[in-house]
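>>> When you get a sec, could you give me coordinates for this:
(one chain, ligands or ions: 1)
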Amino acid sequence: MSAAFKIEPGRTGAPRIDSSRLPDSSKALSAEKIVSFDLVSKTFDGGSSETGFAALSNVNLDIEKGSTTAIIGRSGAGKSTLIRMVNGLEKPSRGRVLVDGTDVATLDETQLRTLRRSIGMIFQHFNLLASRTVFDNVALPLEITGLPRHEIVARVAPLLDLVGLADKRDRYPSEISGGQKQRVGIARALATNPKLLLSDEATSALDPETTQAVLDLLRRINRELGLTILLITHEMEVVKRVADRVAVIDAGTIVESGATYDVFSAPQHATTKALLSGLPGYRLPPEIAQQLKPAPSASSHAVLRLSAAAQSAESGLSASLFSRLGAGHALLSGFVDEIGGRPLASFIVKIPASTAQTEKLQAELSPLGVNHEVLGYVD
Ligand SMILES: Nc1ncnc2c1ncn2[C@@H]1O[C@H](COP(=O)(O)OP(=O)(O)OP(=O)(O)O)[C@@H](O)[C@H]1O
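Numbering: from 1, shown residues only. As a prediction, the model looks like this:
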């Protein structure tokens, strides 16, 4: 776990992380911060309320240069408010937002315009101008800066190549698909050669196949151009596919953050667990979910979720794991997923409640590098 990513309450007790096992993209991250939220709070005027509505409270979060960081949380948790502070669209009521070390609140209009040119943004509904062709949409931010036409052409053409739309340059937005519209949005966001790309639910309006293609493109941009990406999403599939870092926000507070692999393999906070519960490997078989109780009775079984690096599974982990669970266990489901480029094996098992006493089980499973979580009890 990198020290540059502030650890919030809730990550205590998380599994130890062997940084030598981090994927190459994570290793390549510099510890330099591109964005820092420093004790940021935001209160909106609350209509009849005198105190207003606290949308963000004391948010501390660093975004590492070169990372792809996802901010996740339920609807209304404060994700958009947080991300909009990075380009000065929203101002903190307290605290500071630093971009490359500069407090955004101290910038005058001209400096703010310069900052915004260095930050690209893509949106759920693409925000393209219907009256402009693909080429002219991408060219727009450059026209605003007053760049001569020949330089605009020289900049836009390779961007259209990068996003695979060179053959659509003269089409209008109404003549291209949703995925292609988002590619135009990405090319437009890259036109001013930004150091940071903000993504606000960029794939939420796309079908799964198109989402994959757009995510692949974002991953390429992150790796090949070294662009830092800060995204907000409610899609956990998006997080596990592109984000090397994740921060979980709940009611305006960061409740958990860290490397995506660590957070996804051993979620600590109830909100994180709830957000992940729909992913394969976390999902309970429906008949078990229906029966699940919070406390054991005399004859009940504990339902556990076990997770471990799948490489260990190849080296005989599953055999030792299941032998340590004892003869009374039953495997309810198993899934190997890829989180941030690393395989993670998850099993849902049922064992006699008497063998699920945490300390004993911990002693059995820890040496194998297996995390476990008691999800509840069934008869
Ligand atoms: N301009 C505003 N005035 C008053 N309240 C606001 C304003 N903008 C946001 N809020 C409130 O602040 C809270 C956080 O809003 P925000 O849009 O940041 O959440 P979010 O996590 O992005 O939600 P969603 O996923 O639904 O977009 C919400 O309760 C919202 O109603």
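
>>> contacts and neighbour counts: CA atoms only from here.
Fine.

>>> Tell me where the stretch 201-350 of the chain has helices.
With DSSP state H, counting those that start in this stretch as the criterion, the stretch 201-350 of the chain has helices at 208-225, 236-242, 260-265, 270-276, 286-291, 310-314, 317-324.

>>> ok, residues contacting the third one?
Judged by CA atoms under 8 Å, 6 or more residues apart in numbering, the contacts made with helix 260-265 from elsewhere in the structure are 14-15, 17, 239-240, 243-246, 256-257, 276, 307-308, 339-340, 342, 344, 371.

>>> and if we set it to 6 Å?
Under the criterion CA atoms under 6 Å, 6 or more residues apart in numbering, residues 244, 245, 246, 339 lie in contact with helix 260-265.

>>> what residues are up against the closest residue to the ligand within the stretch 251-379 of the chain?
At 7.1 Å from the ligand, residue 252 is the closest residue in the stretch 251-379 of the chain, using CA to the nearest ligand atom. With contacts defined as CA under 6 Å, 6+ apart, residue 252 is in contact with 55, 56, 57, 77, 78.

>>> 8 Å - rerun?
The neighbours of residue 252, taking CA under 8 Å, 6+ apart as the test, are 54, 55, 56, 57, 59, 77, 78.

>>> ditto for residue 242
Taking CA under 8 Å, 6+ apart as the definition, contacts of residue 242 comprise 68, 215, 216, 218, 219, 340.

>>> Now the two most distant members of those residues.
Set against one another by CA to CA, the contacts of residue 242 have their most distant pair in 218 and 340, with a gap of 13.5 Å.

>>> wait, does stretch 73-81 contact the ligand?
Yes. Where contact is defined by CA under 6 Å from any ligand atom, part of stretch 73-81 touches the ligand, namely 74, 75, 76, 77, 78, 79, 80, 81.

>>> Restricted to strands, list those residues.
Using DSSP state E, the subset of these located in strands is empty.

>>> Ranking by neighbours, what's the top pick from those?
Neighbours here mean other CA atoms under 10 Å. Within those, the largest count is held by residue 79, at 26 neighbours.

>>> Stretch 243-263: which residues count as buried?
For stretch 243-263, the buried set under the neighbour-count rule, 16 or more other CA atoms under 10 Å, comprises 243-263.

>>> still on that earlier bit, any chance of TSV for the contacts of helix 260-265, columns pLDDT?
Formatted as TSV, these follow (pLDDT from 0 to 100):
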residue	pLDDT
244	94
245	96
246	97
339	91
